[in-house]
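S.K.: Got a sequence here, can you build the structure:
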Amino acid sequence: MLFEVEDNYQKQTYRTRCYIYSPNGKQLLNIPIKNANSTQKTKDVLIEYSFGWQKQHRKSIESAYRSSPYYEYFEDEFNPLFEDKPKFLLDFNLKCQETIIDFLGLELNAAKTVEYHKIYNAELDLRQLANAKLKQDYKFTAYTQGFSDKHGFIPNLSILDVLFMEGTNALSYLENQQIEF
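M.R.: Coordinates of the predicted model:
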């Protein structure tokens, strides 16, 4: 697996946002950044901490998932993501990915790019998945969600949703999905 770290920053991507299933339905969690522009490398984008977003995100996630079957199972490992204050967005995102990979029990041989290439011939290139404007509807099989009695099944949420609802079965659930990229 190869993580792109040498591309130019693009606004409105999943690098700064995700969606969770809150009591009111689909809820956006967004990480504020400091004055990034399209000529700046993604790895150089700074996180803005003056808004207290970490506390807000933590409370939103707790409110959405504290009664889910596996919230307590992951809670202690999850909390440091909202206590540490990495300077760069990329560092935060890589720490989140590392945490999720660990939660899923995956062993991945991951590396970071050292220069940007428009096309990677030997790899399955999934960089387009970061584009939040690109309509992506993967038709996941429904699983029990925390507020599905109120709002029905909401697809295409953060991995947190399936982790907190399916726990140790999350990887098996994901592997059984028929997703084409």
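
S.K.: Residue 70 reaches residue 162, doesn't it?
M.R.: No: checked against CB atoms under 8 Å, the pair residue 70 and residue 162 is beyond contact range at 9.7 Å. For the C-beta atoms, the positions are set from N, CA and C on the backbone; glycine is no exception.

S.K.: which of those two has more neighbours?
M.R.: Taking residue 70 and residue 162 together and counting by other CB atoms under 10 Å, residue 162 has the greater number of neighbours (21 against 18).

S.K.: Contact partners for the more buried one?
M.R.: Listed by CB atoms under 8 Å, 6 or more residues apart in numbering, the contact set of residue 162 reads 143, 170, 173, 174.

S.K.: Can you add neighbour count, secondary structure and pLDDT and give the residues you listed back as a markdown table?
M.R.: Formatted as a markdown table, the entries for these read as follows, by neighbours: other CB atoms under 10 Å; DSSP: H, G, I helix; E, B strand; the rest coil; pLDDT from 0 to 100:
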| residue | neighbour count | secondary structure | pLDDT |
| --- | --- | --- | --- |
| 143 | 14 | coil | 93 |
| 170 | 22 | helix | 93 |
| 173 | 16 | helix | 91 |
| 174 | 15 | helix | 89 |
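
S.K.: and the two most separated of those?
M.R.: With distance counted by CB to CB, no two of the contacts of residue 162 lie farther apart than 143 and 174, which are 10.5 Å apart.

S.K.: Quick one: neighbours of the nearest residue to residue 155 once chain neighbours are set aside, just the number.
M.R.: Nearest residue to residue 155 in three dimensions, chain neighbours excluded: residue 140, at 5.1 Å (CB to CB, 6 or more residues apart in numbering). Residue 140 is surrounded by 17 other residues when neighbours are defined as other CB under 10 Å.

S.K.: Residue 140 - that's part of a strand, no?
M.R.: No: with DSSP: H, G, I helix; E, B strand; the rest coil as the criterion, residue 140 is assigned coil and is not in a strand.

S.K.: in the longest helix along the chain, what's buried?
M.R.: Ranked by residue count, the top helix of the chain under DSSP state H comes out as helix 89-104. Neighbour-count burial for helix 89-104, with 16 or more other CB atoms under 10 Å as criterion, is recorded at 89, 90, 92, 93, 94, 96, 99, 100, 103, 104.

S.K.: Looking at the residues you listed, which is nearest residue 111?
M.R.: Using CB to CB, the shortest approach to residue 111 within the buried residues of helix 89-104 belongs to residue 94, at 11.6 Å.
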